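# Build the 3D model from these lines:
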Amino acid sequence: MSAKCVFSQGYRVKTIVIDPGHGGDKPGAAGSYSLEKNIALQVGLKLGRKFEAEMPGVKILYTRKTDTDVSLYKRAEKANDAKADLFIAIHCNSMPDNRVVTGYTKRKGKKIPKYSYVKNKSTRGVETFVAGSHRLHEQDGAIRENADVRLEKDYKKHYDGYDPKDPETFIILSLFKNVYRDKSLRLAKLIQNNYTRENHRLDRGVKEQGILVLQRCGLPSVLTEIGFISNPAEEDYMNSASGQAEIVNAIFKAVKTYKKETEIN
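Residues are numbered from 1 along each chain as shown. Now for the predicted structure:
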């Protein structure tokens, strides 16, 4: 018995939730002239429109479509309640200012450094995150809620019922977590490959981290950092129509490949 067996019973990517990061009074990172929340929303809406045009059989939901603040819990809740098959969060990266020594003063005969802060404008590249394996237990509640529905059609039919009090239930949930993690990693790697091979972006890799919104999603989920808003060249790229089109195409093609690879008749 395995979660892969359950997934194999006609698994389809039918619903995708797009999560443009931040919003409202939570602007996220700031560049020299733009805000993360606005770039994330622009890219998120364009990505959704591309899915709707080129994957009409897939339902597209958004955690926000306007400049509003949505709590992290509600973002994950929307995906869980919709029994979504993929969750894609879109964010911009940023580097903190560097502290540099600008001079010295003397106090009681000792040299005391004076500091100031300068913008870190050189760091660049793209990276995509999945839920950290050290905190996968946080998915238990969401998976348990989703598992009832995900298993109902096939599990009751093929395995003679689904009993929440049965120890096997928790084995199933554990297997689901591993499958979700594997699927999340696969999608993240596909996204990164497209960024770097097709868009010629600097690859900062796929990383596992305890990001709350991903931890709370009981489904395959990724958070993609589409560039550094603190880097002037990348800020321009992410604000440009051509840059946003490249980002959207990279994510779209990754999902298209993922869908082809994971869907089973």
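# From now on I want contacts and neighbour counts done on CA atoms only, so please keep to that.
Fine.
# what helix or strand is the residue nearest the centre of the chain on?
Most central in the chain under CA atoms, centre = their mean is L223, positioned 1.7 Å from the mean C-alpha point. Using DSSP states H and E, L223 sits within strand 221-228.
# Tell me the helices and strands packed up against that strand.
Contacts defined by 3 or more CA pairs under 8 Å, 6 or more residues apart in numbering; DSSP states H and E place strand 221-228 against strand 86-93, strand 126-131, helix 167-197, helix 212-215, helix 232-239.
# What pairs with the second one, parallel or antiparallel?
Note on strand 126-131: by DSSP bridges, its sheet partners are strand 203-209 (parallel), strand 221-228 (antiparallel).
# Quick one: mean pLDDT over the strand holding L223.
The average of the pLDDT scores along strand 221-228 is 96.
# From I112, how far out is the residue nearest to the centre of the chain?
Relative to I112, L223 is positioned 43 Å away (CA to CA, to the nearest Å).
# what do you get for S230?
Distance of S230 to I112, given as CA to CA: 30 Å.
# The two: which is more packed in?
Shown here are S230 and I112; by other CA atoms under 10 Å, S230 has more neighbours (25 against 12).
# Find the nearest non-adjacent residue to R124, please.
F228 (5.5 Å; CA to CA, 6 or more residues apart in numbering).
# how about that neighbour, what does it touch?
Contacts of F228 were listed using CA atoms under 8 Å, 6 or more residues apart in numbering, and they are C92, N93, S94, M95, T123, R124, G125, V126, E234, E235.
# any chance of those residues in CSV, with distance to S32 too?
Putting the contacts of F228 into CSV (distance: CA to CA, whole Å) gives the following:
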residue, distance to S32
C92, 13
N93, 14
S94, 11
M95, 13
T123, 15
R124, 15
G125, 18
V126, 19
E234, 11
E235, 8
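# Restricted to buried residues, select those in ChimeraX.
This is how ChimeraX selects the buried members of the contacts of F228, with burial counted by 16 or more other CA atoms under 10 Å:
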select :92,93,94,95,124,125,126,234,235
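# Pick out the lowest-pLDDT one from the contacts of F228.
Lowest pLDDT of those: M95, 87.
# Give me the distance between K256 and L45.
Counting by CA to CA, the gap between K256 and L45 amounts to 18 Å.
# Next: K114.
Distance from K114 to L45, counting by CA to CA: 46 Å.
# Which one's more surrounded, the two?
Neighbours per residue (other CA under 10 Å) separate K114 from L45, with L45 holding more: 19 against 12.
# The helix or strand hosting that one - contacts with which helices or strands?
Secondary structure from DSSP H and E places L45 in helix 36-54. Contact partners of helix 36-54 among helices and strands, from 3+ CA pairs under 8 Å, 6+ apart: strand 15-20, strand 59-62, strand 86-93, helix 241-262.
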